[in-house]
Every structure is written in C-alpha cells, then in structure tokens.
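> Based on what follows, work out the 3D shape:
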Amino acid sequence: MKVEGSIAGQQVSVQENILDRMIRYVNPIKANARLQSRLQSQALSALAGGYVGASRSRRSMSSWNPGANDADGDVLSDLPVLRERSRDSVRNNALASGAINTAVTGTIGIGSTLKAQVDQEVLAMSDEDADAWENNTQREWKLFWNSFEVDAARRLTGADLEELYFRSVLEYGDTFALMPSIPRRGVPYSMKVQLIEADRVTNKGNKADSLDMSGGIGRSKSGAPLEYHILTTHPGNTTAGTRQEWQTIRAFGRETGRKNIIHGYRQLRIGQNRGVPYLSTVIELLKQLTRYTEAELMAAVVSSMFTVFIKSSNDQGFPQTTTTSDFGQNAANEEMKLGTGAIVGLGMNEEISTANPGRPNTAYDPFVMGILRQIGSQLEIPFEVLIKHFTASFSASRAALLEVAKFFRCRQSWTERTFLNVVYENWMMEAVAIGRISAPGFLSDPLLRQAYLGKEWIWMPMGAIDEVKQIKAARERIDSGVSTIERETIEINGGSWDRNHKQSEKEVKARTDDGLIVDKTAELEPVVVGKEDD
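Numbers count the residues shown, from 1 in each chain. I've put the predicted structure just below:
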C-alpha cells in the first residue's frame with residue numbers, strides 16, 4: 001500500500017514496508033495511523049529541507065531559482081556580451097584596466113627565462129656533457145624566442161607574445177595560438193606563433209551548438225578536442241564585408257601527433273569548452289562604482305563653483321557684456337551656467353534658490369574601499385595591491401604582497417603548462433629535425449623526449465619591502481641547499497649568475513692587479529729594523 005500527498009507544492013509519498021504489512025494484518029487501524037504519522041514526518045522534512053540554502057519556503061530564497069545547465073549551457077550564451085563588456089571596461093574603467101595590468105605585470109613581467117635541465121640519469125650524460133647541451137639549447141632558444149621572427153606577423157618577440165597571450169585570456173576568457181611553419185630567408189627556424197582572438201573561433205557556418213561541436217570546437221565522444229573552426233577575419237571587422245569563411249584546424253597532427261593549436265583558458269567546470277573573462281563576476285560592481293564616482297565627482301565640481309547673483313529692482317537688470325567668459329554673464333543670455341567666480345545678473349522679479357550638495361561626501365571613501373575589498377577578494381588581488389596604496393603596517397603590507405605573490409605564481413605555472421611548454425616542445429622537434437640540436441632518440445622514444453625536455457621557467461623577481469632581509473633570506477636558502485645562486489640571482493633582480501660571475505672575475509683581477517685589493521692571506525715579507533749595510 002502507498003500513501004501520497006502534496007505539501008507546499010512538493011509531492012511526498014510513503015510506501016508500506018514488511019513491518020507495516022504485518023501490523024496491518026493484525027490491526028488495520030493502527031497500521032493506517034502509522035502510515036499517516038510517517039507521511040506527516042516526511043512532509044515536515046520536505047518543508048524544512050536539509051540545507052537552508054535549498055529551502056523554497058523561505059521568503060528570502062523563494063525567488064532564487066537558478067537553472068541547472070551544464071557548463072556550456074551556462075557559459076556559451078553569455079560569452080559574446082561578457083567579452084564586449086570586459087573589453088569596454090578595460091578601455092574605459094580605470095579600476096578594471098588597473099586590475100588587468102596588475103595581473104599581467106605581476107605574472108609575466110619582462111618575460112620568462114629558460115633554464116634547460118635534462119635528465120642526466122635517463123640520458124646517461126656526464127655533468128660536462130649535460131652542461132654543454134643545456135647551454136647550447138638555451139642559446140638556440142634565445143635565437144628563436146627573442147627575435148621578432150618568432151611572431152607570424154613579425155611584430156612581437158617571445159616575451160611580447162607571452163604578455164599578449166595572458167592578457168587576452170584575462171580580457172576575453174580564452175585565446176588561441178597556432179604554430180604554423182613559415183620559412184623565411186636568413187631565419188633557421190620556420191616555426192612561428194600566431195595568436196587568434198577568441199571571437200574568431202565559432203561554429204562553422206554559424207550552426208547551433210550540438211553534442212559534438214560547440215563554441216567553435218569539434219569534440220570526440222570522450223570530450224577531447226578534434227578540430228577548431230576559425231573565421232578568417234574577426235567578426236567585427238568593418239572592412240571584410242558580410243561574407244564569412246572558416247578555416248578548420250585539426251587539434252593534433254595526423255602523422256606526428258603534434259599539437260597544432262593551443263587553447264588557453266581556465267576550466268572551472270567539467271565539460272567546459274570555453275573560458276570566461278577574468279572580470280566577469282565583478283563587471284557590474286565595476287560599472288556601478290564608476291557611475292557612482294562620476295556622480296560624486298560632478299557633485300564636487302558643482303559644489304566648488306562660486307557664483308554671485310545680482311538682483312535688480314529696475315527693468316534694466318545687470319548691464320550687458322561682450323565677454324565670452326563666465327564672468328559678467330547676464331540672466332538674459334540664452335545659456336545659464338555656474339562658473340568659477342562667475343557673476344550673473346537677474347532680471348526683475350527673478351530670484352535664485354540654491355541647493356547644498358553636501359560635497360565632499362565623507363562617506364565616499366569608506367564605501368568605495370568596502371567595494372574594492374570585495375572586488376580584490378574575487379580577483380585574488382588584495383585591495384592594497386589593486387589600488388597601489390600601502391597605508392597599513394609593515395606586516396600587513398608584507399602579507400598583502402605575499403598573498404598576491406601566490407596568485408602570480410599560480411598564473412605563471414598555468415602559463416608554462418598551457419603555452420610555453422607546448423611551444424618549447426614543438427620548437428625542439430624542429431631544432432632536432434634540422435640538426436640545430438643533437439638529441440638522439442628524441443623523435444622516436446617518448447621517455448627520451450621527456451628527458452631532453454626537462455626545464456625550468458624563471459620569472460621576474462616579485463620584489464621585496466626590505467631588501468636587506470631579502471638578501472639574508474636568499475643566502476640562507478642557498479646555504480641550506482633549497483635554492484641555488486643562479487635562481488636567487490634571477491628572482492632578486494632578473495640577472496644572470498653566469499654573466500655576473502664572469503664580470504666579477506674580471507673586476508676582482510683588475511682591482512688586484514692595480515693594488516686596490518690586497519691579498520691578506522699572502523705571506524708577509526720580513527721587516528728589517530735598523531740601518532742597512534752599505
């Protein structure tokens with residue numbers, strides 16, 4: 001037997017179990033009462049809910065009914081508007097632009113530095129051979145990466161590409177990078193890097209999203225990308241006309257398995273195929289804060305205007321003037337406005353009433369700081385760093401810098417995984433294939449390839465409040481073996497330990513030869529006391 005009922009719009013039911021049926025066999029009335037009691041208990045549970053946040057009966061939660069879409073359902077329909085508003089915010093909103101610039105400068109800075117680190121054990125290399133191989137590889141990488149030839153458009157160097165790649169991901173939600181082969185005279189490497197804006201990757205023929213293609217990406221049944229559909233021109237290009245053409249790029253090479261395209265975005269949900277702009281969750285806050293700031297600024301400007309109004313008791317009013325400034329402006333003029341030190345005459349029977357805007361607003365700064373704390377929390381940038389204003393104690397300022405350093409480190413690691421490592425591996429394939437780098441087994445054995453690809457990306461130093469403490473901490477890390485002189489040199493001032501060492505050698509030798517440095521360990525010559533023999 002099953003008893004059903006409706007409580008607050010929710011269906012509840014109770015099914016008899018074995019014990020209920022046994023009781024019914026002996027005492028049907030008691031069995032019915034038992035079922036009724038269980039039904040009431042379940043109804044109360046339905047009304048109460050396990051979580052207050054899931055309650056539909058509370059007035060504060062009754063109108064909150066978000067959808068239960070998958071990742072693409074929540075993201076793809078909103079992406080065009082989010083990109084447009086994000087771009088506009090970066091162009092016209094000082095705080096939004098500052099947040100993006102802070103994230104880009106702190107993460108990318110002057111660009112990455114490659115430190116090759118081969119697996120000597122797997123490759124059976126001696127220390128000398130490994131050092132020689134790593135130094136040669138680093139020279140070849142600089143030849144490729146530090147030139148404008150690395151860019152398909154010959155406009156950017158590798159460091160510039162890193163910055164633009166990361167900035168585009170923040171502003172648009174994601175970005176794409178092709179690695180085409182474009183041979184050029186006098187350039188040893190034909191591989192180039194070509195960045196593609198997110199707007200250009202759309203479903204071919206503007207078809208509706210489906211299970212196997214959405215957001216311009218064709219996928220396998222397991223969700224792996226198979227191909228990308230890229231518009232030949234940006235959809236907002238005003239000179240290309242209305243005709244649209246797509247180029248289809250396979251995600252991986254048919255023969256080599258080489259990754260043909262890099263798709264940079266932060267995946268926040270399972271099955272999410274496109275990224276959302278960094279500012280998405282704070283766009284409204286930023287826009288409203290800008291409007292509030294503009295209104296307060298205008299009110300303060302109006303409040304600062306001092307204008308004298310003269311009321312005359314005759315018909316003549318204030319004498320006419322030919323000046324074009326605010327001074328001497330007459331009420332008869334068509335344009336009436338406040339001015340700095342302006343004098344305005346009023347006609348007969350005219351009066352002036354004033355309103356006190358109460359500016360400057362003493363509540364403005366605390367309110368704005370409260371909003372900035374919320375924005376900084378979402379963007380993972382402490383508001384002290386966000387507005388570049390450190391007024392708290394040394395410990396609080398240092399804590400803010402350490403907290404934002406975590407954010408920068410995580411984004412640097414993400415940039416390495418999604419962009420630099422892929423470009424480096426594809427470049428290495430070409431370097432080995434054309435004989436610029438000797439790496440036996442690289443193209444045939446995955447284990448050897450991984451051993452040759454060992455590396456470390458070193459970024460611009462984070463900076464410090466107290467340099468003396470920073471140097472002391474670096475020395476202790478070196479002495480304890482948790483770091484190296486080379487790494488600390490790069491992280492402190494972005495320098496090269498090898499170059500510093502060679503330069504120091506020259507300087508010490510020159511100073512010693514010129515007698516500016518005395519070797520205190522040298523044996524002292526005996527000193528003769530008294531008159532020398534003739």
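
> which residue packs closest to residue 296, ignoring adjacent ones?
residue 364 (5.5 Å; Cβ to Cβ, 6 or more residues apart in numbering). For every residue, glycine as well, the C-beta is placed using N, CA and C.

> Next one: the one you found, what pLDDT does it get?
Predicted confidence (pLDDT) for residue 364: 85.

> Then the one 3 residues further on?
Per-residue confidence for residue 367 comes out at a pLDDT of 89.

> Give the next helix or strand downstream of the helix or strand hosting it.
Using DSSP states H and E, residue 367 sits within helix 364-379. Per DSSP H and E, the first helix or strand lying C-terminal to helix 364-379 is helix 383-386.

> centre of the chain versus the helix or strand that comes right after that following helix, how much separation?
Per DSSP H and E, the first helix or strand lying C-terminal to helix 383-386 is helix 394-415. On the basis of Cα atoms, centre = their mean, to the nearest Å, helix 394-415 is displaced by 13 Å from the centre of the chain it belongs to.

> Isn't residue 483 up against residue 474?
Yes. Residue 483 lies in contact with residue 474 (Cβ atoms under 8 Å); the separation is 7.2 Å.

> about what we covered before: what count of nearby residues applies to the residue nearest to residue 296?
Per other Cβ atoms under 10 Å, the neighbour tally for residue 364 reads 16.

> What of residue 131?
The tally of other residues near residue 131 (other Cβ under 10 Å) stands at 14.

> Looks to me like it is in a strand.
No. Going by DSSP: H, G, I helix; E, B strand; the rest coil, the assignment for residue 131 is helix, not a strand.

> Could you find the closest non-adjacent residue to the most centrally placed residue in the chain?
Against the mean C-alpha coordinate of the chain, by Cα atoms, centre = their mean, the closest residue is residue 170 at 4.5 Å. Setting aside the residues directly before and after it, residue 170 is nearest to residue 278 in space (Cβ to Cβ, 6+ apart), at 4.0 Å.

> can you check residue 123 too?
residue 451 is the one closest to residue 123 (Cβ to Cβ, 6+ apart), at 5.2 Å.

> got it, and residue 368?
Looking at residue 368 with Cβ to Cβ, 6+ apart, the closest residue is residue 289, at 6.8 Å.

> Kindly indicate whether the one you found is helix, strand or coil.
Under three-state DSSP, residue 289 comes out as helix.

> got a list of what it touches?
95, 368, 371 (Cβ atoms under 8 Å, 6 or more residues apart in numbering).

> distance of the second one from residue 93?
Distance of residue 368 to residue 93, computed by Cβ to Cβ, to the nearest Å: 14 Å.

> these two touch, right, residue 279 and residue 87?
No. Using Cβ under 8 Å, residue 279 is not in contact with residue 87; the gap is 9.9 Å.

> Now list whatever residues contact both of these two.
residue 171.

> between the two, who's got more neighbours?
Neighbours per residue (other Cβ under 10 Å) separate residue 279 from residue 87, with residue 279 holding more: 26 against 16.

> What ranges does the stretch 101-250 of the chain have for its strands?
113-116, 174-178, 194-196, 213-214, 217-219, 225-231, 246-250 (DSSP state E, counting those that start in this stretch).

> Mean neighbour count added to these, as JSON lines?
Shown next, in JSON lines, are the strands of the stretch 101-250 of the chain (neighbours: other Cβ atoms under 10 Å):
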{"stretch": "strand 113-116", "mean neighbour count": "18"}
{"stretch": "strand 174-178", "mean neighbour count": "22"}
{"stretch": "strand 194-196", "mean neighbour count": "18"}
{"stretch": "strand 213-214", "mean neighbour count": "20"}
{"stretch": "strand 217-219", "mean neighbour count": "20"}
{"stretch": "strand 225-231", "mean neighbour count": "19"}
{"stretch": "strand 246-250", "mean neighbour count": "14"}
